[in-house]
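Peer 1: fold the following, please.
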Amino acid sequence: MSLRLGKLLGVPINIDVSWFVIFALIVYTLAVSWFPRMDLSAAQSWLAGVIAALLLFGSVLLHELMHSYVAGRNGIGISGITLFIFGGVSRMKEEPDTPEVELKMAIAGPATSIILAAIFWWLAVAGGRAVLGSFGLGIVRYLAMINLILGIFNLLPGFPLDGGRVLRAILWGSLQSLDRATRYAAYIGQGFGYLFIFGGFWLMLFGGFLSGLWLVFIGWYLNNAAQQSYQQVVVRRALSGVDVHRVMTTDFPHMDPDTSVDAFVHDYLLKYDYGAFPVTKDDALLGIITVDEVRDIPREKWDETTVGQIAKPPEEERVIDENDDAFDALMHMAEGNLRRLLVMHDSKLKGMVTQDSIINIVRMKLRIGI
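Peer 2: Have a look, this model is predicted:
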């Protein structure tokens, strides 16, 4: 699950909820073990830890934006970026056309992190304690170190790390198959993940609890990311050329706003296998009503309450155009933990699309082998 932060350079930026756990762990680690070495008080150490963790987040964001920039320069659109504390995922509208484009995109991120490491290292050397003070020097030293680690870490040859994408580009060129190259690179990514997890538990058993915990987190992230990235490639391939119009539902009942909640429950909610019903009048969408809205109304007030009074405003629903890609619709729902999207075209409701409707067509195409 992820949260929307906004847009930067026209690209939607999301943050995975796991980021908050890792962010807290980073702040704690810095406050108790890094900044006290700089002769800072406890309060200063905690403040510096928060600032350094936020600047690390900014470094990761710049890392991902460089991937997006190179992708755009090569004609590949980016529909969104989801950030983790260790890195991020740029959601491409299509896969690279050639291994050469994949290679350029993969190298852009680690190169950015290594350049940032050099910049922060220069600031630490040029400024020193006399200019930056113990507080500032501790922060820039940490950012120099962590960006170098991020650059090197992302070059590990395990998909979906940038090094894994470099490996995938090489395998793609050799095997002439993007699917097979992705599968092998993902297996190697999972292997690195398990290696980090086992190594982390080993360290935790023999006294290095905090270091071991970090390795377990990194291994867990790598293993999950490798599995999800390969599945995403498979799903993207299955949905190639499929637009929302082909998978949306159009034959659901439209509710009149004056319909009572009691009538809605017995004549529609219990009768039809739909999770949501649009409330319309004269072709104008007034809102959406689901079982969640009904549940908030006392049973004895169902007769006197209308669906128009309790329907959610349409602005609270995510929308997509009928000509948009079905894969993008699926990713929007996955990121926002949504059960459906309204399909709108020329400001008119055309239908609704659900995760199940998209997954069903993916399963069928995979069973057929097309």
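
Peer 1: how many residues are close by the residue nearest to Leu137 when sequence neighbours are not counted?
Peer 2: Closest residue to Leu137 apart from its sequence neighbours, by Cβ to Cβ, 6 or more residues apart in numbering: Arg129 at 5.1 Å. (Each C-beta comes from the backbone N, C-alpha and C, glycine too.) Residues near Arg129, counting by other Cβ atoms under 10 Å, number 14.

Peer 1: enumerate every residue touching Met66.
Peer 2: 108-109, 111-112 (Cβ atoms under 8 Å, 6 or more residues apart in numbering).

Peer 1: host element of the residue sitting nearest the centre point of the chain?
Peer 2: Geometric centre of the chain, nearest residue: Thr82, 3.3 Å, by Cα atoms, centre = their mean. Remark: Thr82 resides in strand 78-83, with elements defined by DSSP states H and E.

Peer 1: name the SS class of Phe159, please.
Peer 2: coil (DSSP: H, G, I helix; E, B strand; the rest coil).

Peer 1: so what's it up against?
Peer 2: 165, 167-168, 182, 185-186, 188-189, 226, 229-230.

Peer 1: what do you get for Lys281?
Peer 2: With Cβ under 8 Å, 6+ apart, Lys281 has these contacts: 256-257.

Peer 1: how far away is it from Arg340?
Peer 2: 21 Å (Cβ to Cβ, to the nearest Å).

Peer 1: over to Pro367. Which of the three states is it?
Peer 2: Residue 367: Arg, not Pro. On the basis of three-state DSSP, Arg367 is classed as helix.

Peer 1: burial measure for it, as a count.
Peer 2: Neighbours around Arg367, by other Cβ under 10 Å: 8.

Peer 1: ok, it to Arg339 distance?
Peer 2: 24 Å.

Peer 1: can you give me the strands in the stretch 201-350 of the chain?
Peer 2: 276-281, 284-290, 319-321, 340-345, 348-354 (DSSP state E, counting those that start in this stretch).

Peer 1: export those strands to TSV and append columns for mean pLDDT and distance to Phe23.
Peer 2: Output for these, formatted as TSV (pLDDT from 0 to 100; distance: least, Cβ to Cβ, whole Å):
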stretch	mean pLDDT	distance to Phe23
strand 276-281	86	34
strand 284-290	86	33
strand 319-321	84	31
strand 340-345	82	30
strand 348-354	83	33
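
Peer 1: Trp121: which of those strands is closest?
Peer 2: Among those, strand 319-321 comes nearest to Trp121, with 45.1 Å by Cβ to Cβ.

Peer 1: hang on, the earlier thing: lowest-confidence one in the contacts of Phe159?
Peer 2: Lowest model confidence among the contacts of Phe159 falls on Ser229, which carries 77.

Peer 1: element containing the residue nearest to Leu137?
Peer 2: Here Arg129 is assigned to helix 99-153, by DSSP H and E.

Peer 1: for the record, mean pLDDT for that helix?
Peer 2: Mean predicted lDDT for helix 99-153 stands at 89.

Peer 1: after it, which helix or strand is next?
Peer 2: Following helix 99-153 in sequence, per DSSP H and E, is helix 162-175.

Peer 1: the strand holding Thr82: how far from the chain's middle?
Peer 2: 7 Å (Cα atoms, centre = their mean, to the nearest Å).

Peer 1: cool, and stretch 222-241?
Peer 2: The answer for stretch 222-241 is 13 Å, by Cα atoms, centre = their mean.

Peer 1: ok so, going back, show me what the strand holding Thr82 is packed up against.
Peer 2: strand 11-16, helix 42-73, strand 88-92, helix 326-336 (3 or more Cβ pairs under 8 Å, 6 or more residues apart in numbering; DSSP states H and E).

Peer 1: any low-confidence regions in the stretch 201-350 of the chain?
Peer 2: Scanning the stretch 201-350 of the chain for pLDDT under 70 picks out 335-336.

Peer 1: all helices for it, in order.
Peer 2: Assigned by DSSP state H, counting those that start in this stretch, the helices in the stretch 201-350 of the chain fall at 209-238, 244-247, 261-264, 291-295, 307-310, 326-336.

Peer 1: in CSV, list those helices along with mean neighbour count and distance to Leu3.
Peer 2: Shown next, in CSV, are the helices of the stretch 201-350 of the chain (neighbours: other Cβ atoms under 10 Å; distance: least, Cβ to Cβ, whole Å):
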stretch, mean neighbour count, distance to Leu3
helix 209-238, 18, 18
helix 244-247, 20, 24
helix 261-264, 20, 32
helix 291-295, 13, 20
helix 307-310, 18, 26
helix 326-336, 21, 9
